[in-house]
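> sequence unknown, structure follows:
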């Protein structure tokens, strides 16, 4: 099911998304004593992370039952300013009582990107314990979108867009997105198998592109990778008008 929720500002959108994430987390933590969340990097979720780190969200969230994963990561050290893990930990996860063993970063230091991707896929399989190589169903995947239509680290016309077997793959430094670092990303199969996918969209250019996806039948995911996000679960676009 695809829905769109509009807000007048990035702050309002972040607040609305934070409340929905909290409701979703409480639902799954209650039903199965576990909530799995995959987060993305970039600038759009920074306000969201700040809100989740503060009351009332920080007190009400089922942190002890939550396992955190990364949708994508830049191939750099965790303490580098470009690190998605480092940013999320600084703003959010270092400020809330989530157990350290429940946080699952991508290993990027002192190994090549291809090995980082292989190790992260191995980590996901260890946590989710799939039967017969079936895909895991992450409870909630948070995504952003670039002005070129990329999402996660799935960039226009990249080889990773056609990956159907692997859960995680490495991506060469993008030509038009900064920072120009190799990336490690979840692939379409595992993202689209999530129970819930939330897109966070801020800025007029990205809003217009999101509305193009919502109001038309664009299916060229090679040109616009976000168009390839078409999971069978709940797909919600949180869109700021400004």
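Cool, got the structure. Since this is a predicted model, take the numbers as computed values, not measurements.
> ok, then the element right after the lowest-mean-pLDDT helix or strand in the chain?
None of the helices or strands of the chain scores lower by mean pLDDT, DSSP states H and E than helix 204-215, at a mean of 88. Downstream of helix 204-215, the first helix or strand assigned by DSSP states H and E is strand 234-240.
> helices or strands up against the lengthiest helix in the chain?
Secondary structure of the chain per DSSP state H: the longest helix is helix 10-32. Judged by 3 or more C-beta pairs under 8 Å, 6 or more residues apart in numbering; DSSP states H and E, helix 10-32 is in contact with strand 2-7, strand 35-39, helix 45-52, helix 57-60, strand 140-143, strand 196-201, strand 234-240. Every C-beta, even on glycine, is put in place using the N, C-alpha and C of the backbone.
> can you do 6 Å?
strand 35-39, helix 45-52, strand 234-240 (3 or more C-beta pairs under 6 Å, 6 or more residues apart in numbering; DSSP states H and E).
> To residue 87, which of these lies closest?
helix 45-52 (7.3 Å; C-beta to C-beta).
> now that closest one against strand 234-240, angle please.
100 degrees (axes from the mean of the first three to the mean of the last three C-alpha atoms, to 10 degrees).
> Need the residues that contact helix 45-52.
Residues outside helix 45-52 that contact it (C-beta atoms under 6 Å, 6 or more residues apart in numbering): 10, 14, 17, 18, 91, 92, 200.
> wait, the third one sits on residue 238?
In other words, residue 17. Yes - look at residue 17 against residue 238 with C-beta atoms under 6 Å: they come within range, at 4.6 Å.
> check contacts around residue 140.
24, 37, 196.
> one more time with 7 Å
Shown in contact with residue 140 (C-beta atoms under 7 Å, 6 or more residues apart in numbering): 21, 24, 37, 194, 196, 198.
> Looking at the residues you listed, which one is closest to residue 104?
Distances from residue 104 to the contacts of residue 140, taken by C-beta to C-beta, are shortest for residue 37, at 10.4 Å.
> Can you give me the neighbour number for that closest one?
21 (other C-beta atoms under 10 Å).
> same check, this time on residue 124
22.
> try residue 213
22.
> how about the contacts of helix 45-52, which pair is most distant?
10 and 92 (16.6 Å).
> which one of those two has more residues nearby?
A count of neighbours by other C-beta under 10 Å puts residue 92 above the other of residue 10 and residue 92, at 23 against 20.
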